[in-house]
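Undergrad: no letters, just coordinates:
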């Protein structure tokens, strides 16, 4: 990777918004203004990260490059939605900075395990009582013009909660074997609430994340095997008895059986990707509006249509580099920080795989967002909170493992090189 990743980001921003301005008729100068605003906010934040040595220099730039591609496509689809996403991006940067400052300078987070669990249960109950159904799931609480998806907030709390238990396990502080099973039961409660809300995609993300954390940090195979068997059994029961999941699996196996009704989303997604070919139709020259929910669930299909399969591979590679940087931070972090970094990075990777795999019909489709790219205030802001925690962990690890006496050492530390 280049020594100056910000240059790649600037080029990406100029090309994305410049091409949309050039191809869309009539030319709209507000597109260029939107690009300039996104670029300015990103450069200011990157300057703070680099100048004040806030840890890994690549995390924020990779995330911002994904945001740029998402905002550019949203502005091309619907300028109003694109502007709203820019506002959410600004709020996300503020929350990124706040979460970084709080986690980097206060160290009591590992002592709040049951606070995380209690707050999650309260949010689940509020969602069941006040939530409104969208897309088959009761997962939105609406306050006038503002809608909030509590499951996105709970995702951060879930990562912090299970990391407390795994941190004690890695430090050999489990005094009673039953504590493992208490945490396992709490994870089942998380997933149970999500099932009640019909949040099938989030249920999969939570449970697989927990399974991977078990695989990484557990000594034996007993609990891993038990949970893997439970996952397989629940999946089989869901396919057998839940009509919504039966439909999703049927569309996955044969999306062209009913292309004008039940399989419409999947077939339109596949048509868009096929239309784009390797190099795409060009920004502003495709027809992404034919895809239902293109601004959220299916934005990857729109990107592939107008930027081509190669553009889609570029998105995947950016996510791979993001996950790689996250796990590289895990290598040099210790204790609770290591567990939180592992959990957050794993969630990023799993969520990306599930949504991209769904829109290309590699796996059954689930209604979750593509991190940093899909439209959604709750998703974007909480994702930046998670990124802020990861940024703080990289900074804490550098302070502990690298000496500031040598300039060369500082340069290596800023790249989180173990």
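TA: Noted; the coordinates are in hand. Here the structure is a predicted model, which is why all the values come from computation and not from measurement.

Undergrad: element containing residue 26, please.
TA: For residue 26, there is no enclosing helix or strand under DSSP states H and E.

Undergrad: do you know how far it is from residue 332?
TA: When C-beta to C-beta, to the nearest Å is applied, the distance between residue 26 and residue 332 equals 52 Å. Using the backbone N, CA and C atoms, a C-beta is placed for each residue, glycine as well.

Undergrad: give the buried residues for stretch 84-102.
TA: Under the neighbour-count criterion of 16 or more other C-beta atoms under 10 Å, stretch 84-102 has 84-86, 88-89, 92-93, 95-97, 99-100 buried.

Undergrad: tell me which of residue 26 and residue 332 has more neighbours.
TA: It is residue 332, of residue 26 and residue 332, that has more neighbours when counted by other C-beta atoms under 10 Å, with 21 against 4.

Undergrad: which residues are contacting stretch 127-145?
TA: For stretch 127-145, the external contacting residues (C-beta atoms under 8 Å, 6 or more residues apart in numbering) are 126, 147-151, 193, 196-200, 202, 244, 293, 367.

Undergrad: that stretch: how far from the chain's middle?
TA: From the chain centre to the centre of stretch 127-145 is a distance of 21 Å (C-alpha atoms, centre = their mean, to the nearest Å).

Undergrad: end to end, how far does it reach?
TA: Distance across stretch 127-145, first residue to last, is 17 Å (C-alpha to C-alpha, to the nearest Å).

Undergrad: ok so, going back, the contacts of stretch 127-145: which two are farthest apart?
TA: Taking C-beta to C-beta as the measure, these span a maximum distance of 25.3 Å, between 126 and 293.

Undergrad: host element of the nearest residue to residue 370 once chain neighbours are set aside?
TA: Of all residues beyond its chain neighbours, the one nearest residue 370 is residue 355 (4.9 Å), with distances taken as C-beta to C-beta, 6 or more residues apart in numbering. Assignment of secondary structure by DSSP H and E places residue 355 within helix 335-359.

Undergrad: buried stuff in that helix?
TA: 336-356, 358-359.

Undergrad: which elements pack onto the helix or strand in which residue 6 is found?
TA: Element membership for residue 6, per DSSP H and E: helix 5-23. Counting contacts by 3 or more C-beta pairs under 8 Å, 6 or more residues apart in numbering; DSSP states H and E, helix 5-23 is packed against helix 29-51, helix 59-77.

Undergrad: show me where the stretch 101-250 of the chain has helices.
TA: Along the stretch 101-250 of the chain, counting by DSSP state H, counting those that start in this stretch, helices occupy 113-130, 150-170, 178-196, 200-217, 222-241, 243-253.

Undergrad: what angle separates the second one from helix 200-217?
TA: Inter-element angle recorded for helix 150-170 and helix 200-217: 10 degrees (by axes from the mean of the first three to the mean of the last three C-alpha atoms, to 10 degrees).

Undergrad: helix 150-170 - contacts with which helices or strands?
TA: Counting contacts by 3+ C-beta pairs under 8 Å, 6+ apart, the secondary-structure elements packed against helix 150-170 are helix 113-130, strand 137-143, helix 178-196, helix 200-217, helix 335-359, helix 377-401.

Undergrad: same question, the fourth one
TA: Other elements packing on helix 200-217 under the criterion 3+ C-beta pairs under 8 Å, 6+ apart are helix 150-170, helix 178-196, helix 222-241, helix 335-359.

Undergrad: still on that earlier bit, who wins for proximity to residue 41 among the helices and strands packed on helix 150-170?
TA: helix 377-401 (11.7 Å).

Undergrad: for that closest one, buried residues please.
TA: For helix 377-401, a neighbour-count test (16+ other C-beta under 10 Å) marks 377-398 as buried.
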